[in-house]
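*Asks:* Mind folding the following:
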Amino acid sequence: MQLDNVFGIAGTALNAQAVRMNATASNLANANSVAGSEQEAYRGKRPLFKALLKEEMTHGGAQFMGGVKVDRIVQDPAPVRKTWDPGNPLADKEGYVFHSNVNEMSEMVDMMAASRSYQNNVEVVNTARQLMMRTLEITKA
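*Replies:* Residues are numbered from 1 along each chain as shown. This next block holds a predicted model:
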């Protein structure tokens, strides 16, 4: 494996974790939103990743075999919560409002895991850079 592949693979992982953190931030921002129907209620977003195992899976944005790419972003299939609140202006004709299906605690855990994964990949890049610099120093001596 070439050294530039290490940077490329870590770069794809950094991008994937950034997408994961953005999705989590969006979910947290909409966690307490309500809607007048089940169809309009906010549903959490989940990025799905795909490992780049074959050359034909790579493209301009994720060009390193062994890396990862965001395959797509899907809605969380968990059901939305329905509560009776006839005084709410968004309530339907029966007096119900529909809350998002976002669980704030699990979102915070996911944010911490994404942040940790991002930090780990930054360390991979830093370590590879240090190894390159040490290799250059050895060749100068």
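*Asks:* In the chain, where is pLDDT below threshold?
*Replies:* Residue ranges of the chain with pLDDT under 70: 1-4, 55-64, 141.
*Asks:* now the helices for the protein?
*Replies:* 3-29, 104-140 (DSSP state H).
*Asks:* Which parts of the first one count as buried, going by neighbours?
*Replies:* When you say that, I think you mean helix 3-29. 6, 8-17, 19-21, 23-24, 26-28 (16 or more other C-beta atoms under 10 Å). In this view, the C-beta of every residue, glycine as well, is placed from N, C-alpha and C.
*Asks:* now the last one
*Replies:* Of the residues in helix 104-140, those buried under the neighbour-count criterion (16+ other C-beta under 10 Å) are 107, 110-111, 114, 117-118, 121, 124-125, 128.
*Asks:* Which one of the residues you listed is nearest to Ser100?
*Replies:* Glu107 (10.6 Å; C-beta to C-beta).
*Asks:* Contacts only, for the closest one.
*Replies:* 24, 27-28, 31, 44 (C-beta atoms under 8 Å, 6 or more residues apart in numbering).
*Asks:* so who does the residue nearest the centre of the chain touch?
*Replies:* In the chain, the centroid-proximal residue (C-alpha atoms, centre = their mean) is Arg20; its distance is 0.9 Å. Arg20 sits next to 47, 110, 114, 117 when contact means C-beta under 8 Å, 6+ apart.
*Asks:* Same question for Asp110.
*Replies:* Contact analysis of Asp110 by C-beta under 8 Å, 6+ apart lists 20, 24.
*Asks:* and the nearest residue to His99 once chain neighbours are set aside, how many neighbours does it have?
*Replies:* Nearest non-adjacent residue to His99, counting by C-beta to C-beta, 6 or more residues apart in numbering: Arg81, 4.1 Å away. The local packing of Arg81 (other C-beta atoms under 10 Å) involves 13 other residues.
*Asks:* from what I can see Arg81 touches Asn101, true?
*Replies:* Yes: Arg81 is within contact range of Asn101, at 7.2 Å (criterion: C-beta atoms under 8 Å).
*Asks:* Tell me which two of the contacts of Glu107 sit farthest apart.
*Replies:* So, those by C-beta to C-beta: farthest apart are Thr24 and Ala31, at 10.5 Å.
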